[in-house]
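[1] Got a sequence here, can you model it:
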Amino acid sequence: MSFGMIIEILVAILLMLTIGYCYTLNRRLERLRADEQTLKGTIAELITATEIAERAVNELKHAAQENDATLGERIRAAERCCVELDRQVSAGDVVLTRLSRVVVAARSLQDVPSAATAPDPKAVAAAARSFADRLRDRVSPVAA
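    Numbering: from 1, shown residues only. As a prediction, this is how the structure comes out:
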C-alpha cells in the first residue's frame with residue numbers, strides 16, 4: 001500500500017463520515033422546520049385569540065360606560081322622586097294638622113247641649129284659625 005492510497009482511503013472514510021453527519025443534520029433540520037410550522041400555527045392562533053380578547057375587553061368597557069350613565073340617570077331620578085315625596089309628606093302633615101283642628105272644633109261644637117248656651121270660645125277660635133289657614137293656603141300654596 002502506498003502513501004497515496006492511504007490518503008485516499010482516509011479521505012473516503014472522512015467523506016463517508018461527512019455524508020452520515022449531513023444526513024443526520026438534514027433529519028434534524030426537517031424536524032425543526034416541522035416544529036417551525038407548528039409554532040407558526042400556534043402563534044397565528046394566539047394572535048387571533050388576543051384580537052378576540054381585545055374586542056371583548058373593549059365591548060365590556062363600552063357596556064360598563066353605558067351602564068354607568070344609565071345608573072347615574074336612574075339615581076338622579078330616584079333622588080328627585082325622594083325630594084318630591086318628602087315635599088308631599090310635609091304637605092300631608094300640614095293638612096293632617098289642619099284636619100285635626102277642624103275635627104276638634106267640630107266635636108266641641110257638637111258637645112254643646114242646647115242652642116241657648118254659648119259655644120266654647122277655644123273651639124270657635126280653633127275653627128276660625130283652621131278656616132283662616134285654609135283660605136290662606138288657597139291664596140298662596142304651601143312651598144316646601
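[2] tell me the average confidence for the one helix or strand Gly41 maps to?
    With secondary structure defined by DSSP states H and E, Gly41 is part of helix 3-110. Regarding helix 3-110, the rounded mean pLDDT is 91.
[3] elements contacting the helix or strand that that helix is followed by?
    Moving toward the C-terminus from helix 3-110, the next helix or strand (DSSP H and E) is helix 121-139. Contacting helix 121-139 under the criterion 3 or more C-beta pairs under 8 Å, 6 or more residues apart in numbering; DSSP states H and E are the following elements: helix 3-110. Glycine gets a C-beta too; all of them are placed from N, C-alpha and C.
[4] So which elements touch the helix it packs on?
    When contacts are defined as 3+ C-beta pairs under 8 Å, 6+ apart, helix 3-110 packs onto helix 121-139.
[5] residues in contact with the helix it packs on?
    Arg98, Arg101, Val102, Val104, Ala105, Ala106, Ser108, Leu109 (C-beta atoms under 8 Å, 6 or more residues apart in numbering).
[6] Just the buried subset of these, please.
    Arg98, Arg101, Val102, Ala105, Ser108 (16 or more other C-beta atoms under 10 Å).
[7] sorry, back to before: turn the contacts of helix 121-139 into JSON lines, columns for distance to Gly4.
    Written out in JSON lines, the entries for the contacts of helix 121-139 read as follows (distance: C-beta to C-beta, whole Å):
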{"residue": "Arg98", "distance to Gly4": "137"}
{"residue": "Arg101", "distance to Gly4": "141"}
{"residue": "Val102", "distance to Gly4": "142"}
{"residue": "Val104", "distance to Gly4": "144"}
{"residue": "Ala105", "distance to Gly4": "147"}
{"residue": "Ala106", "distance to Gly4": "147"}
{"residue": "Ser108", "distance to Gly4": "151"}
{"residue": "Leu109", "distance to Gly4": "152"}
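[8] and which of these is nearest Asp120?
    Using C-beta to C-beta, Ser108 is the member of these that lies nearest Asp120, at 5.0 Å.
[9] Spatially, what comes nearest to the closest one if we skip its sequence neighbours?
    Nearest-residue entry for Ser108: Ala123, 3.4 Å, with adjacent residues in sequence omitted and distances by C-beta to C-beta, 6 or more residues apart in numbering.
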